[in-house]
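>>> Below are the sequence and a predicted model for it; my questions follow.
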Amino acid sequence: MKSDQAMLGDKGRQLRLCLVSNFNTFYRNGVFEHVAHRLKTQFLFYSNGSESYWLPEHGVWRGDIEHVYLKGFDIAGTRITPSLPWHLLKAPYDVYLKCINGRFALPVTYLVARLRGRPFVLWTEVWMRYRTRAHRLVYPLTRHIYRHADAVVACGEHVAAFLREEGVDPERIFVARHAVDNAVYARPVNELEVAALRSRLDIAPEQKVVLYMGRMTEVKGLPYLLRAFSMAKRNDAVLVLAGSGSEEATLRVEAAALGIADRVRFAGYVSAEQTVSYYALAWTMVLPSIELDHIKETWGLVVNEAFNQGVPVIASDSVGAAAGGLVDDGVTGYVVPERDAGALAHAMTALLDDLGLRQRMSATCRAVITRWTQEGMAESFLAAVHHAHLHFSKTVPFRLRPPRVLGGKHL
């Protein structure tokens, strides 16, 4: 990693970074603060957190960073922020960094960077070509940005592999390991706290807990988890579904139809602070996500959270944390084919029946997650910015130049 001095711009001036994203979150704020500590960074946020994948209970964060939340409006699922171009142009930024989302914000940020003759860094978690009509229409532009960004931050090895398949120069790809604030999720949880949660969820002391933590939406593949739990026929275990979402009512009906309603607990929304006691309660956690035309589980940070409490994870192969190497099959949990309830049931049974296996996996989870840190993730962002600044070609197709002056007149 380059020294702070190496990150300085011309004549020893520190680089000024403009980082554009939809909104700040409790799980990303630490990364942003680490970046801001190392580089003078202006954060421009263009959303109010109303995205379908974000629970309104979570809210949006501000953090100890220099930031602006820009006002905008939605048209046909696209967030339009009229003031974004002005904010991008108002200061002498040296590098622009933009996340992959935003059908308005992404091309605008890329265009401004090119007009100003400044390097552009793309940050992406996407690892598939989406198949909706809208995505197919805009994909040529997306692929152009993939291939012409001066550096790309790929959140995981699986994303890097996808980018290489899309024709991105490997020299411009910087892998950032997805991370949470490990100190928050690794805190010790005492027996009284776990006992209180068991009592609230009506779980007997001898019953093992299979946990799902997250939104209850189609992409999470929860019907397959219910079927798997039914197939496993475990009277010694309880399935806890912690979270809320549009599929909850349907899942309750499904659990009743499968005859397992008495062994399934719907815990409702769980705040970030409360999740730790749920992980401490769990024997294993399951993330059975599936691929849809318009979405694929980019990562699944609940895996990182669970590992901090030593909880092995069973994940489908459509989960980024599995494809990206955090869930190591047979080592920190199991990776099973998506939409395969039988494979889920088999993995669940293997863990529930073998205390020694569970203990070994638990210890490995705790050890592995110490290497997946927000500091390390931020360093990858900084390395990409540094690379883009050093290797940016001054010969770009567009350049916003100051007007030439001849004879006292502007030309």
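Alright, I've got the coordinates. Note that the structure is a prediction, hence the values are computed from the model and not measured.

>>> pLDDT (mean, whole number) over the helix ranked longest in the chain?
Looking across the chain with DSSP state H, the single longest helix is helix 374-391. Averaged across helix 374-391, pLDDT comes to 96.

>>> do stretch 30-43 as well
Stretch 30-43 carries an average pLDDT of 96.

>>> do stretch 244-257 as well
Rounded mean pLDDT across stretch 244-257 is 96.

>>> Can you list the buried residues in that stretch?
244-245, 247-248, 251-252, 254-255 (16 or more other C-beta atoms under 10 Å). The way it works is simple: take the backbone N, C-alpha and C, and place the C-beta from them, glycine included.

>>> So which residues make contact with it?
For stretch 244-257, contacts defined as C-beta atoms under 8 Å, 6 or more residues apart in numbering pick out 55, 57, 215-218, 220, 222-223, 226, 241, 261, 264, 266, 268-269.

>>> How about the residue at minimal distance from the centre of the chain: what's its closest non-neighbour residue?
For the chain, W299 is the residue whose C-alpha lies nearest the centre (C-alpha atoms, centre = their mean; 5.3 Å). Leaving out its chain neighbours, the residue that sits closest to W299 by C-beta to C-beta, 6 or more residues apart in numbering is G320, at 3.9 Å.

>>> quick one, strands of the stretch 301-411 of the chain?
In the stretch 301-411 of the chain, the strands defined using DSSP state E, counting those that start in this stretch lie at 313-316, 333-336, 405-406, 409-410.

>>> Tell me the gap between stretch 186-204 and the middle of its chain.
In terms of C-alpha atoms, centre = their mean, to the nearest Å, the centre of stretch 186-204 is found 28 Å from the chain centre.

>>> whoops, I mixed them up, stretch 310-326
On C-alpha atoms, centre = their mean, the centre of stretch 310-326 falls 13 Å from the chain's centre.

>>> Show me which parts of that stretch are buried, residue by residue.
Within stretch 310-326, judged by 16+ other C-beta under 10 Å, the buried ones are 310-324, 326.

>>> just stretch 92-100 next, same as before
93-100.

>>> Quick one: end-to-end distance for that stretch.
23 Å (C-alpha to C-alpha, to the nearest Å).

>>> which ones are touching the residue nearest to W299?
Counted by C-beta under 8 Å, 6+ apart, G320 has contacts 125, 127, 155-156, 158-159, 178, 296-300.

>>> let's go with 7 Å and repeat that
Residues in contact with G320 (C-beta atoms under 7 Å, 6 or more residues apart in numbering) are 127, 156, 158, 297-300.

>>> and those as JSON lines, adding distance to H391 and secondary structure?
Below are those laid out as JSON lines (distance: C-beta to C-beta, whole Å; DSSP: H, G, I helix; E, B strand; the rest coil):
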{"residue": "W127", "distance to H391": "25", "secondary structure": "coil"}
{"residue": "G156", "distance to H391": "23", "secondary structure": "coil"}
{"residue": "H158", "distance to H391": "25", "secondary structure": "helix"}
{"residue": "E297", "distance to H391": "33", "secondary structure": "coil"}
{"residue": "T298", "distance to H391": "27", "secondary structure": "coil"}
{"residue": "W299", "distance to H391": "28", "secondary structure": "coil"}
{"residue": "G300", "distance to H391": "33", "secondary structure": "coil"}
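
>>> just the residues you listed now: which is nearest A388?
Comparing the contacts of G320 against A388 with C-beta to C-beta places G156 closest, at 19.9 Å.

>>> so that closest one makes contact with A322?
No: assessed by C-beta atoms under 7 Å, G156 is found out of contact with A322, at 10.1 Å.

>>> anything in contact with each of those two?
By C-beta under 7 Å, 6+ apart, no residue touches both G156 and A322.

>>> Quick one: the strands in the stretch 151-300 of the chain, in order.
Using DSSP E, counting those that start in this stretch, strands in the stretch 151-300 of the chain cover 151-154, 173-175, 208-213, 237-242, 264-268, 284-287.

>>> what's the closest of these to A76?
A76 sits nearest to strand 151-154 of all these, at 27.9 Å, using C-beta to C-beta.

>>> Give me the sheet partners of the closest one and which way each runs.
strand 120-124 (parallel), strand 173-175 (parallel) (DSSP bridges).

>>> In helices, which of the buried residues of stretch 310-326 appear?
320-323.

>>> which one of these sits closest to T275?
T275 lies nearest to A321 out of those, by C-beta to C-beta, at 15.8 Å.

>>> Just the pLDDT at that closest one, thanks.
Confidence at A321, expressed as pLDDT, is 98.

>>> Same check on H135?
84.

>>> Measure how buried the closest residue in space to it that isn't next to it in sequence is and give me the count.
Excluding its sequence neighbours, the residue lying closest to H135 (C-beta to C-beta, 6+ apart) is H294, at 7.0 Å. H294: 12 surrounding residues under other C-beta atoms under 10 Å.

>>> Break down the stretch 151-300 of the chain into its helices, ranges please.
All helices of the stretch 151-300 of the chain, identified by DSSP state H, counting those that start in this stretch, fall at 157-165, 182-185, 191-201, 222-232, 248-257, 275-281.

>>> out of the ones you listed, nearest to D64?
Going by C-beta to C-beta, the one of the helices of the stretch 151-300 of the chain nearest D64 is helix 182-185, 16.0 Å.
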